[in-house]
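Colleague: How does the following fold in three dimensions:
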Amino acid sequence: MYDELFEAWRKEHENPSLQSLPRDFYVRLADYMRRIREERRMMDEESIRGKLLRKEEENARKMIDELIRIRYEKIKRLITGGEIAPLAALTEEEESLYNSLSVQAETYQNLMEDILQGRKPKIRHNESRGVLVVRILKEIPQIIGVDMRAYGPFKPEDIAVLPEENAKALIKQGAAMEINMQK
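Modeller: The predicted structure is shown next:
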């Protein structure tokens, strides 16, 4: 997985356009990072293998951070430029991000248009049903939602948009609390 990560990171750095990633890339990356952490826990940190694993984890973290940041910026640039992202190039998580950012950009454009046309700006509420916005209260490992998508892992104080059924279960367990998005 390290080689695949490096190759994705390198391509994203070298090309101005968004590069294709497998749909499950981030899920596999999360699994890879979990395995490194588990292996490091079982190992003497001062052994050669322990030092190599620590360095591998450090390098992987830096590449993951840069890769996600660069791809996020490219996705934002596509949206603000009025271009359509090549959905085949996006991971499942990025497609969700792209859809959310597109809605925000459209709301912004509608606001601008209303003002420029001399109309009173309209307050448009998110019409999506079946999701809740929650504040995470406890550390939660990655979960699979009722929509069969991966969510998390989460840390306390994270904000997440989850399928209503999953969100209500976490709220009932005391692991999250709903954020009311209405005025």
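
Colleague: K62: which element?
Modeller: Using DSSP states H and E, K62 falls within helix 48-80.

Colleague: Which residues belonging to that helix are considered buried?
Modeller: By neighbour count on 16 or more other Cβ atoms under 10 Å, the buried set for helix 48-80 is 53, 57, 60, 63-64, 67-68, 70-71, 74-75, 78-79. From N, CA and C alone the C-beta is placed, and that goes for glycine too.

Colleague: ok, now stretch 81-91?
Modeller: A85, A89, L90, T91.

Colleague: what about the second one, distance to R10?
Modeller: By that I understand A89. 16 Å (Cβ to Cβ, to the nearest Å).

Colleague: Show me the domain layout of the chain.
Modeller: If you go by automatic domain parsing, the domain ranges for the chain are 2-116, 131-178.

Colleague: how many neighbours does E12 have?
Modeller: Counted with other Cβ atoms under 10 Å, the neighbours of E12 add up to 21.

Colleague: which residues touch it?
Modeller: Applying Cβ atoms under 8 Å, 6 or more residues apart in numbering, we find E12 in contact with Q19, L67, I70, R71, K74.

Colleague: do that again at 10 Å, thanks
Modeller: For E12, the contact set (Cβ atoms under 10 Å, 6 or more residues apart in numbering) comprises L18, Q19, L21, M63, E66, L67, I68, R69, I70, R71, K74.

Colleague: Quick one: list the elements packing against the helix or strand bottoming out on mean pLDDT in the chain.
Modeller: Least confident element among the helices and strands of the chain, by mean pLDDT, DSSP states H and E: helix 92-116 (a mean of 80). Using 3 or more Cβ pairs under 10 Å, 6 or more residues apart in numbering; DSSP states H and E, the elements in contact with helix 92-116 are helix 25-41, helix 48-80, strand 150-151.

Colleague: quick one, phi psi at the residue of the chain positioned farthest from its centre?
Modeller: What lies farthest from the middle of the chain is G118; by Cα atoms, centre = their mean that is 37.1 Å. With angles defined as degrees, to the nearest 10, G118 sits at phi 80, psi 20.
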